[in-house]
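**Student:** pasting the structure only:
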């Protein structure tokens, strides 16, 4: 059986789904906080099983003999894999257990996407160092903004529950909203730096390949729009103390622009128009 066959993608997806149900029942649905014991170490270790399997599948699918294959299914799956990996490492340093019930269901769906969507052709010019650097930084930027979007949604849930009265056990164990807000803007700042580097390396790549710094297509336009939105959000935070619902709206709008910049266009070309 091929290492990247749909069966293994299904296994990774089901493992993520099983963990999502577990964390939902023990963190969000539980009426009392979970005791801090050795179970958290076991939980961290168990998450590595689907994470490693998912990573291995992506590696064998994306890095083929004829070049890099990064269709819309592979791209989304890779971004979500990086999101889970970054979250997994970050959970050693921050109390963000409430995100487990949000991240893992998304991973369960996206891990299976490469098996569902049509296979893509090898990307051109993948041997160029500028392209490889650009692609790596772009995927990391997407992953950080995915985390920021999930984080801001979690903050919105907490604020809503505080107003309505009563928090699930997981939310009771999370830091105060102001602390989570500080973490959110650190994530956004890191993502913004990577997004800036993505645009800069894209200019270098375009100059090296096409002889001009920028090609004004939909990808470039949406990428610049997302950069402007996150720049405005960070500036508004610094100058006017933007927070709360303002941060939610701007973060999700900027993330939507990023999705439209690459994933949306790839979906239309590969899935709807069949130009893989």
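**Tutor:** Happy to help now that I have it. From a predicted model like this one, the values you see are computed outputs, not experimental measurements.
**Student:** Any buried residues in the longest helix seen in the chain, and which?
**Tutor:** Of all the elements of type helix in the chain, the one with the most residues (DSSP state H) is helix 129-164. Residues 130-131, 133-135, 137-152, 154-155, 157-158 are the ones in helix 129-164 that count as buried (16 or more other CB atoms under 10 Å). C-beta coordinates here come from the backbone N, C-alpha and C atoms, glycine included.
**Student:** name the helices or strands packed onto it?
**Tutor:** Under the contact criterion of 3 or more CB pairs under 8 Å, 6 or more residues apart in numbering; DSSP states H and E, helix 129-164 touches helix 72-90, helix 100-110, helix 169-173, helix 177-210, helix 244-259.
**Student:** Any idea which of those helices has the lowest pLDDT on average?
**Tutor:** Confidence, taken as mean pLDDT, is least for helix 169-173 of these (a mean of 63).
**Student:** which residues does the residue lying closest to residue 82 once chain neighbours are set aside contact?
**Tutor:** The spatially closest residue to residue 82, leaving aside those adjacent along the chain, is residue 143, at 3.7 Å (CB to CB, 6 or more residues apart in numbering). Listed by CB atoms under 8 Å, 6 or more residues apart in numbering, the contact set of residue 143 reads 79-80, 82-83, 86.
**Student:** okay if I get those residues as TSV plus neighbour count?
**Tutor:** TSV is the format used below for those (neighbours: other CB atoms under 10 Å):
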residue	neighbour count
79	23
80	24
82	20
83	23
86	18
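**Student:** ok, the residue nearest to residue 82 to residue 119 distance?
**Tutor:** Distance of residue 143 to residue 119, given as CB to CB, to the nearest Å: 23 Å.
**Student:** buried residues in stretch 191-207?
**Tutor:** The neighbour-count criterion (16+ other CB under 10 Å) identifies 191-192, 194-195, 197-199, 201-206 as the buried residues of stretch 191-207.
**Student:** And for that stretch, what's in contact with it?
**Tutor:** Counting contacts by CB under 8 Å, 6+ apart, the residues outside stretch 191-207 that touch it are 128, 130-131, 133-134, 137-138, 140-141, 144-145, 148, 212-215, 220, 223-224, 226-227, 230-231, 234, 258.
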